[in-house]
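Student: sequence-free structure coming up:
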């Protein structure tokens with residue numbers, strides 16, 4: 001099991017490095033998606049590579065998203081007859097099948113969970129947190145709090161790149177768009193890790209320093225993705241969040 005786990009964890013690291021090496025030449029027009037794809041590579045491995053090169057990779061000529069400016073341009077700064085252009089991020093404007101849009105929205109949500117669990121589980125290795133005498137419950141509470149903060153920031157960054165909303169309003173929109181999706185993702189993760197901790201490794205335990213633990217975390221991320229996918233379908237259909 002440890003050998004199999006090392007292979008899958010290693011494939012995730014390699015996939016993230018492949019994506020990271022490609023991004024400087026193919027930068028995402030929505031900047032936050034650069035981080036999303038690298039984080040997805042860590043848990044998604046070959047699935048993440050397929051998704052990135054199938055429908056996530058940006059074109060070389062893709063313009064960088066810039067905020068819309070309201071002031072009129074200086075008449076002497078451009079040729080007569082030209083008009084100032086405003087560009088929305090191509091990640092949002094690209095004409096793609098609905099299933100791809102839903103998958104991207106779900107991966108965007110899951111990236112916050114991934115980063116939160118990397119930070120949270122590493123911290124908990126050195127500083128255990130218990131609630132009601134349970135280190136597992138305490139760890140999950142910390143991971144969820146981190147995931148909510150990071151996930152809302154990721155969603156906030158996406159909203160601010162699409163719409164010129166006031167910061168406070170953008171935060172409120174981000175919370176509405178990400179709360180249910182993120183909660184569904186984390187619930188799927190916790191369901192799988194409950195099986196891992198109290199069924200599969202009940203007798204032997206599972207060290208956070210083992211390949212097997214992080215392979216189980218990769219699997220938990222995939223279960224979280226499956227749990228959050230229908231939630232994102234519903235949120236997009238209701239107009240609570242935008243498909244990517």
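Tutor: Perfect, I can see it now. Here the structure is a predicted model, which is why all the values come from computation and not from measurement.

Student: For this structure, just list every one of the strands.
Tutor: With DSSP state E, there are no strands along the chain.

Student: Low-confidence ranges, it, go.
Tutor: Regions of the chain meeting the criterion pLDDT under 70 cover residues 61-94.

Student: Now with 80, please.
Tutor: For the chain, the stretches with pLDDT under 80 are 60-95, 160-166, 243-244.

Student: now the helices: where do they sit in it?
Tutor: Counting by DSSP state H, the chain has helices at residues 2-22, 32-44, 46-51, 90-93, 98-126, 135-162, 167-195, 211-237.

Student: Return the backbone torsion pair for the closest residue to residue 22 other than its chain neighbours.
Tutor: Spatial nearest neighbour of residue 22, excluding adjacent residues (C-beta to C-beta, 6 or more residues apart in numbering): residue 57 at 7.1 Å. For glycine as for every other residue, the C-beta is placed from the backbone atoms N, C-alpha and C. When read as degrees, to the nearest 10, the backbone of residue 57 gives phi -70, psi 130.

Student: ok, how many other residues are close to residue 57?
Tutor: Neighbour count for residue 57, taken as other C-beta atoms under 10 Å: 17.

Student: Okay, it and residue 144: tell me how far apart.
Tutor: Residue 57 is 32 Å from residue 144, where distance means C-beta to C-beta, to the nearest Å.

Student: same check, this time on residue 28
Tutor: Noted for residue 28: a distance of 27 Å to residue 144, by C-beta to C-beta.

Student: wait, what's in contact with the spatially most central residue of the chain?
Tutor: With distances taken as C-alpha atoms, centre = their mean, the chain has residue 111 as the residue nearest its mean C-alpha position (2.0 Å). By C-beta atoms under 8 Å, 6 or more residues apart in numbering, the residues touching residue 111 are 35, 36, 39, 40, 154.

Student: biggest separation within those, which pair?
Tutor: For the contacts of residue 111, with distances taken as C-beta to C-beta, the pair at the greatest spread is 40 and 154 (12.0 Å).

Student: between these two, which one's more packed in?
Tutor: Neighbour totals were compared for residue 40 and residue 154, and residue 40 leads with 29 against 25 (other C-beta under 10 Å).

Student: Tell me how many other residues crowd residue 136.
Tutor: Counted with other C-beta under 10 Å, residues neighbouring residue 136 total 15.

Student: Could I get the contacting residues of it?
Tutor: residue 197.

Student: next one: residue 199
Tutor: Here residue 199 is in contact with no residue (C-beta under 8 Å, 6+ apart).

Student: Give me the distance between it and residue 210.
Tutor: Distance, residue 199 to residue 210, using C-beta to C-beta: 17 Å.

Student: Residue 155 too?
Tutor: Separation of residue 155 from residue 210 (C-beta to C-beta): 33 Å.

Student: more neighbours, those two?
Tutor: Each of residue 155 and residue 210 has its neighbours counted (other C-beta under 10 Å); residue 155 has more, 27 against 17.
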